[in-house]
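Asks: Got a predicted structure plus its sequence, pasted below:
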Amino acid sequence: MADESQILRHWRLLRMLQTRGEGIPLGDLASETGVTERTIQRDLETLKKLGFPLEHDSDEQGKRFWRMPYDFFSSGSLALSLTEAISLHLADKVLSPLSGTYLADGIGTVVKKVRSLLPSKALEYFSALDEMIYVRRTGVTDYAESGPIIRTIIDACRDSATLKLSYRAIWRGEEYETKFDPFGVVLYDADLFVVGYSHRSGATRIFKAARITEAAILDEGFERPKDFKLEEQFRSSFGIFQADGKVVEIIVRFTGVAAAYVEERIWHESQQLSWQPAEETLFEQPADDAALIATFRLAGVVEFKRWIKGFGDQAQILKPKSLRDELRDELRAALQNYDS
């Protein structure tokens, strides 16, 4: 089996050979890949053995110009770069929790079509590409049995058709029916949610697709509000929960590893981060850690509080006082579970 650097070079060679119809001389191939012409000659022999139909023309001086037929991939020129191939592979893995729904089946079909165009020996040879990216996830919802329901929801969104839904509300511990006008679907943290107008509530609601037990399209249509935008529904939310309250400024102090971890990501579009220098003491050394001050503007805080709790004593809400007191009381209640 070839090593990884050789496989990457071969992949690059294939793209170069197919996308340059006039052909490429050995010297240029060697120069662009950073190896000798002798190495390129061995590479070309390997690729020919794998089933790739490489060909060449010679000029009057006998100089060879190598190429791969433009129509090798059925009709038209389909040539994936390594980046494109890895991106396609990654998309397939990221959508795997939606396996069984046509949202995931679509990308799976594309991957299969691309693979079907390659010789079997080539597929085996380039299988090492699959080892470059591993998508690990926990707590994944199984949507295999929800495929028909999700398809019905998507069809209703497209046709602006009202649905009759049966929904299992775990917070209320009940299942109920409602008419529902679906405005759109949101993929959040490997879960699907549908946003729309609930006739039962008389307001916009967000339903988790996995909790919808039945969905049927009714002979009723609806008009989606002209000013409705999916992304606007979550602009003041920290996660997927709907935020109906007033937007407030929240300031949190992070220390230790938590500070470095928080700085690595954009957690919310409103966030502002600044480092607070460690305070000097009266003794020889300054305080151990500087602190990261994070500011957010949010209306919904349910998911935000859960996030903050995950940092333990390395996160402290400074403002507003009402949220600080609320989190303090919840932590005290949790502590009682361990003191009893």
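Replies: Perfect, thanks for sending it. Bear in mind the structure is a predicted one, so any value in this text is a computation, not a measurement.

Asks: When you work out contacts or count neighbours from here on, use the C-alpha atoms and nothing else.
Replies: OK.

Asks: where does the stretch 201-340 of the chain dip in pLDDT?
Replies: 278-289 (pLDDT under 70).

Asks: Show me where it has its helices.
Replies: Ranges of helices in the stretch 201-340 of the chain, per DSSP state H, counting those that start in this stretch, are 256-263, 302-309, 321-339.

Asks: Reformat these as a markdown table; add distance to residue 188 and mean neighbour count.
Replies: Shown next, in a markdown table, are those (distance: least, C-alpha to C-alpha, whole Å; neighbours: other C-alpha atoms under 10 Å):
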| stretch | distance to residue 188 | mean neighbour count |
| --- | --- | --- |
| helix 256-263 | 19 | 16 |
| helix 302-309 | 13 | 14 |
| helix 321-339 | 25 | 11 |
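
Asks: so which of those helices gets nearest residue 98?
Replies: helix 302-309 (23.4 Å; C-alpha to C-alpha).

Asks: Am I right that residue 94 is in contact with residue 136?
Replies: No: applying C-alpha atoms under 8 Å as the test, residue 94 and residue 136 come out as separate, 9.1 Å apart.

Asks: And those two? Which one has more around it.
Replies: Neighbour count, other C-alpha atoms under 10 Å: between residue 94 and residue 136, residue 94 has more, with 16 against 7.

Asks: still on that earlier bit, which residues do residue 94 and residue 136 both contact?
Replies: Counting by C-alpha atoms under 8 Å, 6 or more residues apart in numbering, residue 94 and residue 136 have no shared contacts at all.

Asks: so how far is residue 241 from residue 303?
Replies: 7 Å (C-alpha to C-alpha, to the nearest Å).

Asks: rewinding a little: for residue 231, find the nearest of the helices of the stretch 201-340 of the chain.
Replies: helix 302-309 (17.5 Å).

Asks: is it true that residue 29 lies in a strand?
Replies: No: assessed with DSSP: H, G, I helix; E, B strand; the rest coil, residue 29 is helix; it does not lie in a strand.

Asks: got a list of what the residue nearest to residue 315 when sequence neighbours are not counted touches?
Replies: Excluding the flanking residues, the one nearest residue 315 by C-alpha to C-alpha, 6 or more residues apart in numbering is residue 254, at 4.6 Å. Neighbour list for residue 254: 262, 291, 292, 293, 294, 314, 315, 316 [criterion: C-alpha under 8 Å, 6+ apart].

Asks: from memory the fourth one sits against residue 260, does it?
Replies: Translated: residue 293. No: look at residue 293 against residue 260 with C-alpha under 8 Å: they stay out of range, at 11.4 Å.

Asks: Give me the local confidence score for the most centrally placed residue in the chain.
Replies: Centroid-nearest residue in the chain, with C-alpha atoms, centre = their mean: residue 94, separated by 6.1 Å. You'll see residue 94 listed with a pLDDT of 70.

Asks: same deal with residue 28?
Replies: For residue 28, the model assigns a pLDDT of 89.

Asks: Count residues in the vicinity of it, would you?
Replies: Should you count by other C-alpha under 10 Å, residue 28 turns out to have 12 residues around it.

Asks: Roughly how far does it sit from residue 271?
Replies: 49 Å.

Asks: Check residue 18 too.
Replies: 46 Å.

Asks: Between the two, tell me which one has more neighbours.
Replies: Neighbour count, other C-alpha under 10 Å: between residue 18 and residue 271, residue 18 has more, with 24 against 15.

Asks: what's the closest non-adjacent residue to that one?
Replies: residue 68 (4.9 Å).

Asks: for that neighbour, what are its contacts?
Replies: Each residue near residue 68 by C-alpha under 8 Å, 6+ apart is listed here: 14, 17, 18, 21, 52, 53, 54, 55.

Asks: hmm, which of those residues are the buried ones?
Replies: 14, 17, 18, 52, 54 (16 or more other C-alpha atoms under 10 Å).

Asks: Isn't the second one up against residue 28?
Replies: No: judged on C-alpha under 8 Å, residue 17 makes no contact with residue 28 at a distance of 11.2 Å.

Asks: For stretch 211-228, could you pull out the residues that count as buried?
Replies: Applying a neighbour-count criterion of 16+ other C-alpha under 10 Å, one finds 212, 213, 214, 215, 216, 217, 222, 224 buried in stretch 211-228.
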